[in-house]
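Q: the following block contains a protein sequence and its predicted model.
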Amino acid sequence: MIVQVPLGLLDSDCKSINKGKMYISNTSPPAVSLAYFKQFQKDFSLFLNSRSAELHLEGRIVILMLGRRTEDHSDKSTTVLWELLDRSLAIMVSQEIIDEEKVDAYNVPFYAPSAKEIEDEVHREGSFVIDHIQAYELSTSTGDPKEDARIISMAIKAIQEPMISHHFGEAIIDALFQIYSGLLSEFMVKEEIKSSHLLVILRKSC
């Protein structure tokens, strides 16, 4: 739930500090998690303030969003799909289809907060109180890992295609997502991918 790639992902020489990764991973330096978290705080606070202006006192909003199960920013439930896309791009680098520096410069405007981060930000911004917050996992498995991989790959392609095309060019799209679908299928034979969600009900308090 962020509106742009955060600042702070480049070093003093304008090189990526998150080399080979487009999102937070378990190998990312702490500065990457911090940059994404600060962007979330900024954007979510603006969201709360804007929604508050639209509501009467005691008015409510319901928010359904992707979230994290734990306080670990590299929680597998929110990073695995990006990690597999990282691997897909790395394969294309090894095949000399795309340039490694281009991959290092690609980051996604995505952030999955934890329930505690939502609670803390609602309290800090001050316009709302939380009536209800619930974390849950969602499985859309068909029982066929290959079909599940195809569906997930199509969904990620629909989200990412405009940004990837702009950054790398349209020519790589079909090959990239063919590789991605294959990696997803291999992964899902061994392990089901479940998405974590947060349901939040907020009431305007001032």
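A: Perfect, I can see it now. Numbers count the residues shown, from 1 in each chain.
Q: centroid-nearest residue for this structure?
A: Phe110 (3.5 Å; C-alpha atoms, centre = their mean).
Q: so what's that residue closest to, chain neighbours aside?
A: Closest residue to Phe110 apart from its sequence neighbours, by C-beta to C-beta, 6 or more residues apart in numbering: Tyr23 at 6.0 Å. (Glycine included, C-beta is placed from N, CA and C.)
Q: for this protein, what spans make up the strands?
A: Taking DSSP state E as the criterion, the chain carries its strands at 60-66, 128-138, 195-204.
Q: comparing those, which comes out most buried?
A: Highest mean neighbour count among the strands of the chain (mean count of other C-beta atoms under 10 Å): strand 195-204, with a mean of 19.
Q: what mean pLDDT does it get?
A: The predicted model gives strand 195-204 an average pLDDT of 95.
Q: that one pairs with which strands, parallel or anti?
A: Strand 195-204 sits in its sheet next to strand 60-66 (antiparallel), strand 128-138 (antiparallel), going by DSSP bridges.
Q: and the closest residue to Cys206 other than its chain neighbours, how many neighbours?
A: Leaving aside its chain neighbours, Cys206 sits nearest to Ser127 (6.3 Å; criterion: C-beta to C-beta, 6+ apart). Around Ser127 there are 18 other residues, counting by other C-beta atoms under 10 Å.
Q: was I right about Ser127 contacting Leu48?
A: Yes. Counting by C-beta atoms under 8 Å, Leu48 is a contact partner of Ser127 at 5.5 Å.
Q: in this structure, mark out all the helices, start to finish.
A: Using DSSP state H, the helices of the chain run over 30-54, 76-94, 100-104, 115-125, 145-168, 173-190.
Q: counting contacts, what elements does the third one pack onto?
A: In terms of contacts (3 or more C-beta pairs under 8 Å, 6 or more residues apart in numbering; DSSP states H and E), helix 100-104 is packed against helix 76-94.
Q: can you show me the CA trace of the helix it packs on as CSV?
A: In CSV, the C-alpha atoms belonging to helix 76-94 read as follows (Å, rounded to 0.1, in the frame of the first residue of the first chain):
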residue,chain,number,x,y,z
LYS,A,76,7.9,-15.4,2.9
SER,A,77,4.2,-14.9,2.5
THR,A,78,4.7,-11.4,1.0
THR,A,79,8.1,-11.9,-0.7
VAL,A,80,8.1,-15.3,-2.4
LEU,A,81,6.4,-14.1,-5.6
TRP,A,82,8.9,-11.2,-5.9
GLU,A,83,11.8,-13.5,-5.2
LEU,A,84,10.8,-15.8,-8.0
LEU,A,85,10.4,-12.9,-10.4
ASP,A,86,13.9,-11.8,-9.3
ARG,A,87,15.2,-15.3,-10.3
SER,A,88,13.4,-15.1,-13.6
LEU,A,89,15.2,-11.8,-14.4
ALA,A,90,18.5,-13.3,-13.2
ILE,A,91,18.0,-16.1,-15.7
MET,A,92,17.5,-13.6,-18.5
VAL,A,93,20.7,-11.8,-17.4
SER,A,94,22.6,-15.1,-17.6
